[in-house]
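# Pasting a predicted model and its sequence here:
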Amino acid sequence: MSTAPISEHEPRVAPSPNKPKGPEPEPESSGFGFRKWLVLLVIALVVGAAVWKIRKNTEEQGKQDRKMSQMLDRPMPVQIVNVQQKTMPIFLTQLGTVTAYNTVTVKSRVDGQLIRVNVQEGQRVRKGQLLAEIDPAPYQAALAQAQGQLARDQAQHTNDQAQSGRYSALFQAGVVSRESAQIQEAAAGQSAGAIQADQAAIQAAKVNLNYTRITSPIDGVVGLRQVDPGNIVHASDTTGLLVVTQLQPIAVVFTIPEDSLPTPRGTTDA
């Protein structure tokens, strides 16, 4: 029995030792399954809410339809009135300007210290209502002085009249000359003129004293106050104390397009 010779160049294969088996792959993580069930639960809740909302809206719509049908089935109330002929209101909306008929800037007519303002901004006032007061003491003194001068001139006039009467009698008796009698008559006339001047001065003093009480010349609304109490005001001041604006009645000026012009014309002609 012959055996084949083994070549020295042919490598020998050594038997490989048994390698230890590695760990087998684990199944998928349990977290992925939890998220999947959570997503399914959310989708189910959304679908359920949508179904519930649709059913609710359907029920409400059905109730409204039944209610409307019941209302339509009811008899409609009917009222009977007599036919009348009257103005039909027509409204045109446009931009306009409101302009007051009267706007008065209230100023002082005498000089003095402003001691009181009796109204507030935005207050409605009536014609003749007291608005402000100026210190009346100087004008009260001027009035008293004029009255005293009148009393003195009245006394002088009484004496001049008596003198004129005596000199007239003496002239008739031939005791005094005509010139002396005429001088006494002229003195009586001068004292009479002085009395008239005193009366005019008293009237002027009363007017100035009355001007210390500033009143409203019109019915309206008080605007912004320009001068505060305690300031000295003058009749020559260009800035007034306050402004009074009339609101009733009042004018409104507005323009309308030419296309809308026949409507108000027809209303006016009617």
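Ah, there it is. Numbers count the residues shown, from 1 in each chain.

# all strands in the stretch 1-150 of the chain, in order from the N-terminus.
96-100, 103-106, 112-117, 124-125, 130-134 (DSSP state E, counting those that start in this stretch).

# Mind putting those strands into CSV with mean neighbour count, distance to residue 184 and mean pLDDT?
Yep, even glycine has a C-beta here, placed from its N, CA and C like the rest. Formatted as CSV, the strands of the stretch 1-150 of the chain follow (neighbours: other C-beta atoms under 10 Å; distance: least, C-beta to C-beta, whole Å; pLDDT from 0 to 100):
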stretch, mean neighbour count, distance to residue 184, mean pLDDT
strand 96-100, 11, 64, 88
strand 103-106, 15, 53, 93
strand 112-117, 17, 44, 94
strand 124-125, 16, 58, 94
strand 130-134, 20, 46, 94
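
# Which one, of these, ends up nearest to residue 41?
With C-beta to C-beta, the closest approach to residue 41 among the strands of the stretch 1-150 of the chain belongs to strand 96-100: 66.5 Å.

# Any idea how far that closest one is from the middle of the chain?
Offset of strand 96-100 from its chain centre (C-alpha atoms, centre = their mean, to the nearest Å): 15 Å.

# Just checking: what are the partner strands of it?
Counting by DSSP bridges, the strands paired with strand 96-100 are strand 250-254 (antiparallel).

# ok, back up a step: tabulate the strands of the stretch 1-150 of the chain (TSV), appending distance to residue 157.
Output for these, formatted as TSV (distance: least, C-beta to C-beta, whole Å):
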stretch	distance to residue 157
strand 96-100	53
strand 103-106	42
strand 112-117	34
strand 124-125	46
strand 130-134	35
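
# and of those, who's closest to residue 182?
strand 112-117 (47.1 Å).

# Tabulate the CA atom coordinates of stretch 230-246 in PDB.
The C-alpha trace of stretch 230-246 is given here as PDB (Å, rounded to 0.1, in the frame of the first residue of the first chain):
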ATOM      1  CA  GLY A 230     -54.000 138.000  41.800                       C
ATOM      2  CA  ASN A 231     -52.700 139.400  38.500                       C
ATOM      3  CA  ILE A 232     -53.100 143.100  37.600                       C
ATOM      4  CA  VAL A 233     -55.300 143.600  34.500                       C
ATOM      5  CA  HIS A 234     -55.600 146.600  32.300                       C
ATOM      6  CA  ALA A 235     -58.200 147.800  30.000                       C
ATOM      7  CA  SER A 236     -55.500 148.100  27.300                       C
ATOM      8  CA  ASP A 237     -54.500 144.400  27.500                       C
ATOM      9  CA  THR A 238     -54.700 142.600  24.200                       C
ATOM     10  CA  THR A 239     -55.200 139.200  25.900                       C
ATOM     11  CA  GLY A 240     -58.700 138.700  27.400                       C
ATOM     12  CA  LEU A 241     -59.500 137.000  30.700                       C
ATOM     13  CA  LEU A 242     -61.400 134.200  29.100                       C
ATOM     14  CA  VAL A 243     -63.500 133.300  26.000                       C
ATOM     15  CA  VAL A 244     -67.300 132.500  26.000                       C
ATOM     16  CA  THR A 245     -68.500 130.600  23.000                       C
ATOM     17  CA  GLN A 246     -72.200 130.200  22.000                       C
END
